[in-house]
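Student: Show me how the following folds:
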Amino acid sequence: MPIVHPTTPHFRPPDPQENVLQIEDLNFVYPDGHQALQDICLSMKAGEKVALVGPNGAGKSTLLLHMNGILAGTGRITIGGLPLLKENLPTIRGMVGLVFQNPDDQLFSPTVFEDVAFGPLHMGLPEEEVRARVTSALQQVRMEGYRDHLSHHLSMGEKKRIAIATVLCMQPHVLVLDEPSSGLDPRARRTLINLLRELPVSMLVSTHDMALVSQLFERMVIMDEGRIVADGNTHALMADESLLQAHGLERP
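Tutor: Residues are numbered from 1 along each chain as shown. Predicted coordinates for the structure are as follows:
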């Protein structure tokens with residue numbers, strides 16, 4: 001659970017019985033007039049791991065960028081019982097761990113330790129707490145021996161794990177990942193799948209990797225043309241070949 005400064009009075013610990021994520025009637029239109037999201041409704045329980053799939057241009061990345069206020073449409077988003085409003089953004093961004101597709105967009109410090117410590121340091125946490133969080137996060141992604149390595153010298157798979165560690169260090173309520181297996185060789189991909197399976201955190205993952213979806217996620221949400229067109233058990237939806245074909249997807 002995130003450590004939050006007492007200057008965030010609206011924060012309260014989430015009830016394990018309530019939704020960790022609740023989206024109601026979310027719509028978003030880009031400045032050029034393209035409606036990227038239409039009437040999105042989605043909820044997730046604490047501990048749930050959900051795959052978000054669909055063709056390019058379906059609105060998946062746009063939806064993820066709403067999770068912590070990078071984009072703002074109309075509708076209502078609630079994270080751990082806290083509404084996503086401007087005054088709540090600092091707290092929300094500690095509760096939602098957003099991991100971008102390209103880890104180089106997330107890693108900018110000289111060393112792995114500095115990258116992972118960046119968030120907790122800017123929360124104003126004491127040095128001892130920061131070091132403990134960095135150690136824990138690196139252990140969770142199996143990179144504890146890399147704390148003094150130069151981030152830009154790492155492989156793509158190693159960078160992706162460090163990017164995940166940077167958000168785990170914030171102790172998020174929900175982990176949001178955009179195409180986590182993109183650009184990985186088979187060994188790094190297998191390592192990532194095992195890592196995501198073991199992480200004890202709620203997870204929303206946008207991906208084109210249908211094999212990853214079938215191996216890792218019990219629930220799958222299909223998006224197309226800015227709408228959610230199906231939401232249910234992964235294996236049941238995977239068995240519906242006409243549904244997959246209609247929305248540009250293939251069984252693994």
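
Student: Would you mark the buried spots in the helix or strand harbouring Gln245?
Tutor: Taking DSSP states H and E as the criterion, the element that holds Gln245 is helix 241-246. The neighbour-count check on helix 241-246 (16 or more other CB atoms under 10 Å) flags Leu244 as buried. No exception for glycine: its C-beta is placed from N, CA and C like everyone else's.

Student: ranges for the helices of the stretch 151-252 of the chain?
Tutor: Secondary structure of the stretch 151-252 of the chain (DSSP state H, counting those that start in this stretch): helices located at 156-168, 186-198, 210-216, 234-238, 241-246.

Student: Can you lay out the ones you listed as CSV showing distance to Tyr30 and mean pLDDT?
Tutor: Output for these, formatted as CSV (distance: least, CB to CB, whole Å; pLDDT from 0 to 100):
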stretch, distance to Tyr30, mean pLDDT
helix 156-168, 26, 93
helix 186-198, 30, 91
helix 210-216, 27, 93
helix 234-238, 28, 95
helix 241-246, 25, 95
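
Student: I'd like the ones you listed written out as TSV, with distance to Arg147 added.
Tutor: Shown next, in TSV, are the helices of the stretch 151-252 of the chain (distance: least, CB to CB, whole Å):
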stretch	distance to Arg147
helix 156-168	10
helix 186-198	17
helix 210-216	27
helix 234-238	36
helix 241-246	43
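
Student: Pick the most buried one from those.
Tutor: Sort the helices of the stretch 151-252 of the chain by mean neighbour count, taking mean count of other CB atoms under 10 Å, and helix 156-168 sits at the top with a mean of 24.
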